[in-house]
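1. With the input below, show me the fold.
(2 chains)
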Amino acid sequence: MRLTVDHVTRYHYNQAARSVVQSHRLSPSIFAGQKVIDWEVTVSGGTRGAAFRDGAGDEVQGWTVAGPVSELAVRVQGTVETVDLTGILRGHKETVAPNCYMRATTPTRADAALEALARRAAAPDQLTLAHALSELVADAIAYRPGVTHAHTTAAEGLALGEGVCQDHAHALIAVARVRGMPGRYVSGYLFADADGLLHEAAHAWAEVHISGLGWVGFDPANRCCPDDRYIRLGSGFDAQDAAPIRGIARGGGREEMDVTVAVQQASQ
Amino acid sequence: MSQFNEMYQGTSVRSPYARLENWVAAMPQELRSLKQAEAEALFRRIGITFAVYGEGGDPDRLIPFDMFPRVFAAAEWARLEKGIKQRARALNAFLVDVYGRGEIIRAGRIPARLVYENEAYEKAVAGFVPPKGVYSHIVGIDIVRTGPDEFFVLEDNCRTPSGVSYMLESREIMMRMFPELFRENRIEPVDGYSEMLRRTLASVAPKKCKGDPVVVILTPGHFNSAYYEHSLLADLMGVELVEGQDLFVDGEYVWMRTTEGPRRVDVIYRRIDDAYLDPLCFRPDSMLGIPGLMDVYRSGGVSICSAPGAGVADDKAVYTYVPEMVRFYLGEEPILNNVPTWQCGKSDDLKHVLANLPELVVKEVHGSGGYGMLVGPKSSRDEVERFRAKIVEDPGNYIAQPTLALSNVPTFVEEGVAPRHVDLRPYCLVGERIELVPGGLTRVALKEGSLVVNSSQGGGVKDTWVLAE
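-> Numbering: from 1, shown residues only, chains lettered A, B, ... in the order given. The predicted structure is shown next:
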């Protein structure tokens, strides 16, 4: 499938910032499931900084914006050709050892309830187990925007029984780890088609490391594995670690942020 | 337990200490008190009152200085030096490996879990090789002695070991108070340390650096207990001492604010922890660091010493495997031995530890500063039992070692001169070359019979001499 992305993040500072520094992971991952046709990130008034591919295989690009800055727009535009690999992250180059993702962070730490949830799945092999865990998470946390926030943990999300894709991903990472499988957070885009089931064009899901198969994506929010409707950007221990944009403004008072994302199928 | 006295063998004096016997004998009690007061006044005047190794306690408390030097013969030092350098090489080889292909783990010589699930393992630098392949540029190795040729490494410090200012100032003060000692004995100088450190730091400048590298020391600020050391080293090296707010990222580089405008920085000797270096990579709430620093670092625009992630090599659980690292990477036998260590996380080890608790020293895996440890033979039955409960509750958090009979060195005490236990921390510098000044920091347990040399537990410091051939 050929997908086009137009993703704009606007920042407004109620007092002009002296400077802004950002670190982006806004380039589509390089693996067999997707191929970049064209891709461009622009930052209004920004200077391109350091660029490199990190150990997890993500393309990192630094930006600095000299002050005074009262408005800032980060725009991502591009086209990607995607292939359905049933969630398998084939041909992705990375040096981080999967075991590294066995470490819990605050949002992905399993409490007694998550451990109990994890134990409810029974499966003959890791792949089936991961599917079962993803289903359990989807059943346990109903999709409902607005009840959780950026710092809600997996344990809190499960206790609430409601949340968004971030809460689903954190919960799946936690239960996969309980069952001895490394899990990580993935950020990206999702093409929402007309059936009304899919949501959140700026999306997040989880990957679980399966012995013999490698990293496999699971999206509990949509009860599926990422296919050709998904564009993968980057990964991390949790939402904060995998954030496509991390930034900080010096001075600048209160920051307001507005995001618009449009993912569409290209009419070739 | 028989204890090795570094000065006396029975009634005869060991040769490195030969000239010190008369020196002590010729010093009347009044002069000694006078000199001791003078030494204290000097330490106070220069403001060196911080707790050694950041182990907490009152930051304005003076660490007691003992005037009786600790002495090594040239041959003793030669062997130590070889062993220290060997260890520093192996630790750095390990770091490059575990952030790269992880050969030592693939070979089954160290458990993957211990490395990759370690809090100190920084995923953010996996796949990155710092300039010259050096992660730990200043390796502080804590060594104890139990006999003429028996030295053991207690722990490695690969991040930002402190205390070197005590080595430098102890020597200054001794030379000022007892110049005759330095005429009578041929003592190797240690004042080359700052130039050696500057050279080491400059040698790991990033490839993108052109011309003479600009080196800075990054301090958390004057509230930090080791601030004195940060400013002393900056002074001695002739480099800027900066805080996070003095540096900023612009484009592909890190810059320092100066009165003449921004100046590019090539090498940062940081004295702040990984977690606080860059809010865009590590703790987002850090106010001490430089936003964007890690992106510049990982793209080769600046060097950070020690390299982020170096801490995984000095973890107390990883420590057990350092001799294995020496064999694996260098194909050599370790010159300096580890203290035999039981890991309470292993069930066989735990059984042994619980059965022999009153004879053992037990430490927390991530603890430091002599807090939260048990010295079995020095503890009451109640204390041992309380500790037993803690171990049983969380075995993986503890390691245990036999109680070593640490060597003694004569020390000035109330009643005159008496033997007290010591350890040693030399500072090995790793850059283009591996070198260290002849000496280090000797810590002394001032309480009679005490084996804990930490300043927070009543420890003091001594000047450490290495004699020339």
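
2. Show me what counts as buried in stretch B:190-200.
-> Using 16 or more other Cβ atoms under 10 Å in any protein chain shown as the test for burial, stretch B:190-200 gives B:190, B:193-194, B:196-200. (C-beta placed from N, C-alpha, C; glycine too.)

3. let me redo that: stretch B:394-404
-> B:395, B:397-401, B:403-404.

4. Would you mind pulling the contact partners of stretch B:457-464?
-> Stretch B:457-464 is contacted by residues B:52, B:63-72, B:166-167, B:170-171, B:173-174, B:370, B:409, B:411, B:422, B:424, B:439-447, B:450, B:452-453, B:455 when judged by Cβ atoms under 8 Å, 6 or more residues apart in numbering or on different chains.

5. What strand or helix carries B:Gly100?
-> Under DSSP states H and E, no helix or strand contains B:Gly100.

6. just A:Val137 next, same as before
-> Assigned by DSSP H and E, A:Val137 falls in helix A:126-140.

7. Report the beta-bridge partner residues of B:Thr442.
-> Beta bridges link B:Thr442 to B:Leu424, B:Lys462 when assigned by DSSP bridges.

8. okay, now it: neighbour count?
-> Residues contacting B:Thr442 under the criterion other Cβ atoms under 10 Å in any protein chain shown number 26.

9. Contacts only, for it.
-> By Cβ under 8 Å, 6+ apart, B:Thr442 lies in contact with B:70, B:409, B:422-424, B:461-464.

10. Mind pulling the model confidence for the closest residue to A:Ala221 other than its chain neighbours?
-> Closest residue to A:Ala221 apart from its sequence neighbours, by Cβ to Cβ, 6 or more residues apart in numbering or on different chains: A:Cys165 at 4.2 Å. Note on A:Cys165: pLDDT of 95.

11. tell me the domain ranges of the chain?
-> If you meant another chain, say so; for now it's chain A. Here the domain assignment for chain A is A:2-81+A:244-265, A:85-236, based on automatic domain parsing.

12. Not quite, go with chain B.
-> B:8-337+B:405-466, B:340-402.

13. Surely B:Glu21 is in contact with B:Val13?
-> Yes. Look at B:Glu21 against B:Val13 with Cβ atoms under 8 Å: they come within range, at 5.3 Å.

14. any residues in contact with both of those two?
-> The contact lists of B:Glu21 and B:Val13 share B:Met7, where a contact means Cβ under 8 Å, 6+ apart.

15. Report the central residue of chain A.
-> A:Ser187 (1.5 Å; Cα atoms, centre = their mean).

16. My read is that it contacts A:Ala243, right?
-> Yes. If you go by Cβ under 8 Å, A:Ser187 and A:Ala243 touch, sitting 6.9 Å apart.

17. Confirm that B:Leu406 sits in a strand.
-> No. Counting by DSSP: H, G, I helix; E, B strand; the rest coil, B:Leu406 is not found in a strand; it is coil.

18. quick one on the thing from earlier: for B:Asp382, find the nearest of the domains of chain A.
-> Shortest distance between B:Asp382 and the domains of chain A, using Cβ to Cβ, is found for domain A:85-236: 33.3 Å.

19. returning to that earlier point: how about the buried residues of stretch B:190-200 in CSV, adding secondary structure, pLDDT and distance to chain A?
-> Output for the buried residues of stretch B:190-200, formatted as CSV (DSSP: H, G, I helix; E, B strand; the rest coil; pLDDT from 0 to 100; distance: Cβ to the nearest Cβ, whole Å):
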residue, secondary structure, pLDDT, distance to chain A
B:Val190, coil, 97, 39
B:Tyr193, helix, 98, 33
B:Ser194, helix, 97, 31
B:Met196, helix, 98, 31
B:Leu197, helix, 98, 27
B:Arg198, helix, 98, 26
B:Arg199, helix, 97, 27
B:Thr200, helix, 98, 25
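
20. Same list, these, but as TSV with distance to B:Ala41 please.
-> Putting the buried residues of stretch B:190-200 into TSV (distance: Cβ to Cβ, whole Å) gives the following:
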residue	distance to B:Ala41
B:Val190	22
B:Tyr193	24
B:Ser194	24
B:Met196	30
B:Leu197	28
B:Arg198	30
B:Arg199	34
B:Thr200	34
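
21. for the residues you listed, which one is nearest B:Tyr228?
-> The nearest member of those to B:Tyr228, counting by Cβ to Cβ, is B:Ser194 at 14.5 Å.

22. Spit out the contact partners of the residue nearest to the closest one when sequence neighbours are not counted.
-> Of all residues not flanking B:Ser194 in the chain, B:Leu236 sits nearest, at 3.5 Å (Cβ to Cβ, 6+ apart). By Cβ under 8 Å, 6+ apart, the residues touching B:Leu236 are B:168, B:193-194.

23. before we move on, back to that, okay, buried residues for the helix holding A:Val137 please.
-> For helix A:126-140, a neighbour-count test (16+ other Cβ under 10 Å) marks A:126-127, A:129-134, A:136-138, A:140 as buried.

24. in the stretch 1-150 of chain B, which spans are strands?
-> With strands called from DSSP state E, counting those that start in this stretch, the stretch 1-150 of chain B shows them at B:8-9, B:12-13, B:65-72, B:138-145.

25. Let me know which of those strands is the nearest to chain A.
-> strand B:138-145 (24.1 Å; Cβ to the nearest Cβ).

26. Between strand B:65-72 and the closest one, find me the angle.
-> Computed with axes from the mean of the first three to the mean of the last three Cα atoms, to 10 degrees, the direction of strand B:138-145 lies at 80 degrees from that of strand B:65-72.

27. Just give me how far strand B:138-145 sits from the chain centre.
-> Taking the mean of its C-alpha atoms, strand B:138-145 sits 6 Å from the chain's own mean (Cα atoms, centre = their mean, to the nearest Å).

28. Isn't B:Ala112 up against A:Asn99?
-> Yes. The pair B:Ala112 / A:Asn99 is scored as a contact, 4.9 Å apart, by Cβ under 8 Å.

29. Between A:Ser187 and A:Ala243, which contacts overlap?
-> In contact with both A:Ser187 and A:Ala243: A:25, A:236, using Cβ under 8 Å, 6+ apart.

30. so B:Met175 touches B:Phe182, yeah?
-> Yes. B:Met175 is in contact with B:Phe182 according to Cβ under 8 Å; the separation is 5.5 Å.

31. Over to the closest residue to chain B within chain A. Which of the three states is it?
-> Minimum separation of chain A from chain B (Cβ to the nearest Cβ) falls at A:Gly55, amounting to 3.1 Å. Classification of A:Gly55 by three-state DSSP places it in coil.

32. quick one: it and B:Ala107, what's the gap?
-> Relative to B:Ala107, A:Gly55 is positioned 21 Å away (Cβ to Cβ, to the nearest Å).
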